[in-house]
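Trainee: Take a look and give me a structure for this.
(chains A and B)
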Amino acid sequence: MGAFFHRHRGLTPYLLLAPGVLWLAIFFLAPLAFLGRQSLQSGIFPDFEFTWAFSNFSDAISTYHTQLVRSFMYAGIATVACLVLAYPLVYWIAFRAGPWRNLFLLIIVAPFFVTYLVRTLAWLNILADQGPVVGILRDLHVLGPDGRLLATTFAVIAGITYNFFPFMALPLYVSLEQIDPRLLEAAKDLYASPTQAFLRVTLPLSAPGIVAGTLVTFIPAAGDFINAALLGTPNQSMIGNVIQAKFLEALAYPSAAALSFILMGTILVILLVYARIVGTEKLTG
Amino acid sequence: MTTTTATLPPTRRPSVGARAWRFAKRHALTVYALLIVGYLLLPIFVVILFSFNAPKGRFNYVWQGFTLDNWAHWDAVLGIRSAIVTSIEVGILATVVATVLGTLIALAIVRHRFAGRGATNLLVFLPLSTPEIVLGASLLTLFLVLRDAKVIQLGFWTIFIAHVMFIASFVVITVKARLIGFDRHLEEAAMDLGANEWTTFRKITLPLLAPAMLAAALLGFALSIDDFVITYFVAGPTQTFPVFVWGIARVAVPPQVNVVASAFFLIAIAIGVGNVLWQYRTARHQRQGAA
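Mentor: The predicted structure follows:
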C-alpha cells in the first residue's frame, strides 16, 4: 500500500502535465515536423511528392535573399529605435513617476488594447498624403512638394517600431524597477557624477532587461508582414509577406515551408551569436 | 557599507549651477517621457476620432465631419457582427481551456521534481520564441493533412486549437511566477489538520492561485481576440474580427471598424484602470495596517 502510494506520488507531475504537454506536442511540435516534411517535397499544387528536395532551400535563398536581408535589417533598425525610445521613458517611470507608475505602465501597454491591424491602419490616417504630418513636413521642405511618408521604408519601420514598442519597454521596466536606489546613492557618495553613476551602475544592472527586450522585439519583428503590407509597397516586402503569399495565395507549400525554416534558422543563429556576445561581455566586464 | 560612509567627509552640497543643471536635465527627461507617451497614445486617439468621422467617399483616411451614425449603426457592415461573435466565442473557449492546461503544467513544474522537467520548460518556452508566421504555417500544414484525411475542416475549431496552443504558454509563465513566491506552509498546515490532497488543493491552493489564473486568463483573452497572423493561416472561410479587418482593408475600411476597435479598447482600459485603482487601495490599506 505504501509502495503504491509512493509510486502514485511519482506519477502526479506527469498526470498534471499530460493534457497541456500533449496539446503542445500535437499542435506545436508535430506541425513543425509536418512543415519540415513539406519543405522537402516537390511538385505543383495539389500533387506534392516527398523527394528530399533540398533544392527548395537553395532556390528560396537565391530568389528571396533581398526580402530576407530586408526583414532582418528592418527588424534590427526597429529594435534599436524601440530601445532608444523606450529606455528614457521607462527610466523616468521607474525612478521619477512615483505614485503614477502603474498609470504609465498602463499607457505603455495601451496600444495592445487596440486590435493590431486597426492600430496599424491608424498610421494610414496619420501619415496620409493629405494629412497634417505630411503637410507640415512639406511646408518645412523636409519633404518635396510631392513627397510622401506612406508607402516608404520609413513608414514600414516606423510601424514595426510602434507595434512592438511594449515588448521592449516591459522587460526594461522590470530590470530598472529592481535596481536598489541605495546603490545609486552609494555611487554618489563615492563621488560618481550622475553620468558615471548611470554608466557604471544603472546601465549594467539593466542589461538583462535590454537583452530580453531586444530579443522579444526582434523575433516577432523579423517575421512580421502586416506593416509591410499595410504601410509599404512590394518594394518593402519582407520575408513574412513572401511566406504568407506563397502559402495562402500561390499555394506553393514546399517553397513557403522552406522559407519558414530559413526564417526560423536565421533567427536561431542570430540568437546564438547574440548570446555569445552578451555572455562574453559579461565574462570580461 | 554604513561604516564606509561614516569615514568619508560629510556630503558636500552641490553648487547652485550644478543644481540648476540637474533641474534642467530632470525636466528634459520628463518632457521626453511625455512626448513618448503622446506618441504611444496618438494612434489610439486617431482610431477613436475616426470612429466619429463621416467620410464622403469609401475611404476613411481624412477627417470630413462629426457623426454618431457609425456608433448607432456599428453592425451596418456585412459580416462584422458574426466576426465579432466568432472572436468572442473563440476567445472565451480557448482562454478557459488554456488556463486549465497552463495552470496544471505550472503546478507540475514548480511543485515537483521529475525527469523531463527541463524539456517541459523548453517545450513551453519554444512557442513564445517562434515567429507567429511559422506557428501559423506549420499548423496549417498539419490541418491540411488532417483535412485530406477527413478528420477536421478549417474553421472555428482549428482556430480554437491554435489559440489554446499559444495562450497556454503565457498562462504557464504567469501562474509559475505566482507559484514560486507562494507560502507552502499554508498547505502543510491544512494537511496537518487532516485535509487530504484534493481538499487542500480546493480550499487552499486554488483560492491563492485564483488571482494569477484570472490575470493569465485576461491576458490570454486579450491575445486571442487580437491575434491575426496565426488565425489567418488556420481560419479557412471563418472570419474573426482581425481577419475581417484584413479582408476589408484591401477594399476600404469603414468607420464601423474603428467603432468596434474603440469599444474593445474602452472596455479593456476600464478593466486596466479598475485594476490600477484596486492596487492603490490595497497598497493604502496595507500601509495603514502597517502604521
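
Trainee: What residue in chain B comes nearest to chain A?
Mentor: Among all residues of chain B, residue B:131 sits closest to chain A, at 2.9 Å; criterion: C-beta to the nearest C-beta. Any C-beta I mention is one placed from the backbone N, CA and C, and that applies to glycine too.

Trainee: Now the phi/psi pair for residue A:41, please.
Mentor: phi -90, psi 160 (degrees, to the nearest 10).

Trainee: what's the distance between it and residue B:31?
Mentor: According to C-beta to C-beta, to the nearest Å, residue A:41 stands 57 Å off from residue B:31.

Trainee: Of the two, which one has the most company?
Mentor: Each of residue A:41 and residue B:31 has its neighbours counted (other C-beta atoms under 10 Å in any protein chain shown); residue A:41 has more, 19 against 10.

Trainee: Bridged to that one, which residues?
Mentor: Beta-bridge pairing for residue A:41 (DSSP bridges): residue A:50.

Trainee: Distance from the chain centre to the helix or strand encompassing residue A:260, please.
Mentor: Element membership for residue A:260, per DSSP states H and E: helix A:253-284. With C-alpha atoms, centre = their mean, to the nearest Å as the basis, helix A:253-284 stands 13 Å off its chain's centre.

Trainee: Any buried residues in it, and which?
Mentor: Neighbour-count burial for helix A:253-284 flags A:253-264, A:266-267, A:270, A:278 (criterion: 16 or more other C-beta atoms under 10 Å in any protein chain shown).

Trainee: Stretch A:236-245 too?
Mentor: Buried residues in stretch A:236-245, counting neighbours by 16+ other C-beta under 10 Å, are found at A:236, A:237, A:238, A:239, A:240, A:241, A:242, A:243, A:244.

Trainee: Same check on stretch B:28-44?
Mentor: Neighbour counts using 16+ other C-beta under 10 Å place B:29, B:33, B:36, B:37, B:40, B:43, B:44 of stretch B:28-44 among the buried residues.

Trainee: can you pull the pLDDT of the last one?
Mentor: Spelled out, that is residue B:44. Residue B:44 carries a pLDDT score of 96 in this model.

Trainee: Kindly report the same for the fourth one.
Mentor: The pLDDT attached to residue B:37 in the predicted structure is 95.

Trainee: In space, what's closest to it - neighbours in sequence excluded?
Mentor: In space, residue B:37 comes closest to residue A:107 once its chain neighbours are excluded; the distance is 5.6 Å by C-beta to C-beta, 6 or more residues apart in numbering or on different chains.

Trainee: Also the first one?
Mentor: Excluding the flanking residues, the one nearest residue B:29 by C-beta to C-beta, 6+ apart is residue A:92, at 5.3 Å.

Trainee: quick one: contacts for the one you found?
Mentor: B:29, B:30, B:32, B:33 (C-beta atoms under 8 Å, 6 or more residues apart in numbering or on different chains).

Trainee: measure whichever residue of the stretch 151-285 of chain A sits closest to chain B to residue A:98 for me?
Mentor: Of all residues in the stretch 151-285 of chain A, residue A:223 sits closest to chain B, at 2.9 Å by C-beta to the nearest C-beta. Taking C-beta to C-beta as the measure, residue A:223 falls 38 Å from residue A:98.

Trainee: These two: which has the busier surroundings?
Mentor: residue A:223 (26 against 7).

Trainee: residues touching the more buried one, list them.
Mentor: Residues near residue A:223 by C-beta under 8 Å, 6+ apart: A:71, A:239, A:240, A:263, A:267, B:131, B:132, B:133, B:134.

Trainee: Closest one of those to residue B:264?
Mentor: Comparing those against residue B:264 with C-beta to C-beta places residue B:132 closest, at 19.9 Å.

Trainee: What number of residues are in the vicinity of the closest residue to that closest one other than its chain neighbours?
Mentor: Spatially, and ignoring its direct neighbours in sequence, residue B:132 is nearest to residue B:229 (4.1 Å; C-beta to C-beta, 6+ apart). By other C-beta under 10 Å, the residues close to residue B:229 number 23.

Trainee: got it, and the one 5 residues further on?
Mentor: By other C-beta under 10 Å, the residues close to residue B:234 number 25.

Trainee: What helix or strand is the nearest residue to residue B:47 once chain neighbours are set aside located in?
Mentor: Nearest residue to residue B:47, sequence neighbours excluded (C-beta to C-beta, 6+ apart): residue A:122, at 4.9 Å. Residue A:122 belongs to helix A:116-127 when elements are defined using DSSP H and E.

Trainee: so where is the stretch 151-291 of chain B shaky, pLDDT-wise?
Mentor: B:289-291 (pLDDT under 70).

Trainee: and the angle for the helix or strand where residue A:213 lies with helix A:253-284?
Mentor: Following DSSP H and E, one finds residue A:213 within helix A:207-223. Going by axes from the mean of the first three to the mean of the last three C-alpha atoms, to 10 degrees, helix A:207-223 is angled at 160 degrees with respect to helix A:253-284.

Trainee: ok, which stretches of the chain are helices?
Mentor: Since no chain was named, I'll use chain A. Per DSSP state H, chain A carries helices over the ranges A:2-24, A:30-39, A:55-96, A:101-109, A:116-127, A:132-139, A:153-177, A:181-189, A:194-197, A:203-205, A:207-223, A:226-231, A:239-245, A:253-284.

Trainee: I was after chain B.
Mentor: Using DSSP H, the helices of chain B run over B:2-7, B:16-50, B:69-72, B:80-111, B:117-125, B:132-148, B:156-180, B:184-192, B:197-200, B:206-226, B:229-234, B:241-249, B:255-290.

Trainee: Of the ones you listed, flag the one that's most buried.
Mentor: Compared across the helices of chain B, helix B:229-234 shows the largest average neighbour count, a mean of 25 (mean count of other C-beta atoms under 10 Å in any protein chain shown).

Trainee: How about residues contacting that one?
Mentor: Here helix B:229-234 makes contact (C-beta under 8 Å, 6+ apart) with A:225-226, A:244, A:247-248, B:132-133, B:135-137, B:139-140, B:143, B:154, B:158-159, B:161-163, B:166, B:240, B:242-243, B:246.

Trainee: And stretch B:193-213, by the same measure?
Mentor: B:99, B:103, B:171, B:174-175, B:177-179, B:182, B:186-187, B:190-191.

Trainee: how about 10 Å then?
Mentor: With contacts defined as C-beta atoms under 10 Å, 6 or more residues apart in numbering or on different chains, stretch B:193-213 is touched by A:9, A:12, B:99-100, B:102-103, B:106-107, B:111, B:171, B:174-179, B:182-184, B:186-191, B:216.

Trainee: Return the distance of that stretch from the chain's centre.
Mentor: 26 Å.

Trainee: got the angle for the helix holding residue A:213 vs helix B:132-148?
Mentor: Going by the same axes, to 10 degrees, helix A:207-223 makes 50 degrees with helix B:132-148.

Trainee: Return the alpha-carbon coordinates of helix A:207-223 using PDB.
Mentor: Only the C-alpha atoms of helix A:207-223 are listed here, as PDB (Å, rounded to 0.1, in the frame of the first residue of the first chain):
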ATOM      1  CA  ALA A 207      21.500  44.800 -19.100                       C
ATOM      2  CA  PRO A 208      19.200  41.800 -18.600                       C
ATOM      3  CA  GLY A 209      16.200  43.900 -19.500                       C
ATOM      4  CA  ILE A 210      18.000  45.200 -22.600                       C
ATOM      5  CA  VAL A 211      18.900  41.700 -23.700                       C
ATOM      6  CA  ALA A 212      15.400  40.300 -23.000                       C
ATOM      7  CA  GLY A 213      13.700  43.400 -24.600                       C
ATOM      8  CA  THR A 214      15.800  43.300 -27.800                       C
ATOM      9  CA  LEU A 215      15.100  39.500 -28.200                       C
ATOM     10  CA  VAL A 216      11.400  39.700 -27.700                       C
ATOM     11  CA  THR A 217      11.200  42.700 -30.000                       C
ATOM     12  CA  PHE A 218      13.500  41.400 -32.800                       C
ATOM     13  CA  ILE A 219      12.000  37.900 -33.200                       C
ATOM     14  CA  PRO A 220       8.400  38.900 -34.000                       C
ATOM     15  CA  ALA A 221       9.500  42.000 -35.900                       C
ATOM     16  CA  ALA A 222      11.600  39.800 -38.300                       C
ATOM     17  CA  GLY A 223       8.600  37.600 -39.100                       C
END
